[in-house]
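**Q** Give me a model of this one.
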Amino acid sequence: MTQPLIDSASLAAALASSRPPLLLDCRARLDDSDAGRALWQAGHLPGSRHLALEHDLSGPAGEGGRHPLPAQDAFTAVIRRLGITPDVPVVVYDDRGGQLAAARAWWMLACWAGHPEVRVLDGGLPAWQAIDGALEAGEVATSAPSDWRPRFDDGAWVEAADIMPEQSALLDARAMPRFRGEVEPIDAVAGHIPGARCRPSADNLASDGRFKPAVQLAAELADIDTQAADGLIAYCGSGVTACHDILAYAVVGKPLPRLYAGSWSDWIHDPDRPVATGE
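**A** Numbering: from 1, shown residues only. Model (predicted):
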């Protein structure tokens, strides 16, 4: 797999090269489904296209959770509309260190759809602005649609039926207070899946919003039990920030956890599924 991060200086050089990447602006706000597009229209990296968490990177909310994966055909239509092909590199970015929702886009394109060259802009929009990178506002010219039909890897994600609490090795990317069940600002039930370990996605980042050095990340991730025969399963509230934990494993070159796409918002739809609180 391609090294999954690119820094702002390297992106600037790539954009000026003979093989510039396609830029996708993935900014999102969980409390406002239209905020990402408004942010993009107000100012974005030159030529970048908007990729919406709610409309492009998710299927309809319901029993599959708040942000279930879209159907393969639906995401293929998004890919084609944006002109994405496996021959053109892609760089995705947001303004939350990759958490909302660049890591989700990276996972869907690279891990699920199998695009060979997808990178996340390390530090996102703030890092680009820190090197005085140019921004533009308003709409951009649409690119020619592609005819790429990805070969999706459905082994990269799991459903609730694939999870056996206390036996599966589960990694919860939510903040510790939500994991412990002390607060729950979004979902109807507080707590976590029994047996899960908490690795908040924010812990993958340094104070400047960039990923921690790979050596430091590797040491921190080494403390997480990975003894399950089928490896780790990452989840969060709705399958978005869990992709950030998966991205952290890619940064350090470790085997990637599978994504529980429905995550906590799907798990609690069935009142018979067990719920744990505390640590």
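
**Q** Tell me how far the residue sitting nearest the centre point of the chain lies from G36.
**A** Of all residues in the chain, the one closest to the mean position by Cα atoms, centre = their mean is R104, 2.1 Å from it. Using Cβ to Cβ, to the nearest Å, one gets 12 Å for the distance from R104 to G36. Using the backbone N, CA and C atoms, a C-beta is placed for each residue, glycine as well.

**Q** got any residues that touch both of these two?
**A** Common neighbours of R104 and G36, using Cβ atoms under 8 Å, 6 or more residues apart in numbering, are C26, L53.

**Q** Is the residue nearest to the centre of the chain in a helix, a strand, or coil?
**A** When the structure is reduced to helix, strand and coil (DSSP: H, G, I helix; E, B strand; the rest coil), R104 reads as helix.

**Q** didn't it look like it was pressed against C26?
**A** Yes. Between R104 and C26 a contact is recorded at 7.2 Å, counting by Cβ atoms under 8 Å.

**Q** Which neighbours do those two have in common?
**A** Contact criterion Cβ under 8 Å, 6+ apart; residues bridging R104 and C26 by contacting each: L53, L57.

**Q** Quick check: A35 touching R29?
**A** Yes. Using Cβ under 8 Å, A35 makes contact with R29 at a distance of 3.8 Å.

**Q** I'd like the distance from stretch 163-174 to the chain centre, please.
**A** In terms of Cα atoms, centre = their mean, to the nearest Å, the centre of stretch 163-174 is set 18 Å apart from its chain centre.

**Q** quick one: contacts of it?
**A** Counting contacts by Cβ under 8 Å, 6+ apart, the residues outside stretch 163-174 that touch it are 162, 179, 192-201, 224-228, 230-237, 241-242, 244-245, 257, 260, 264, 267, 273-274.
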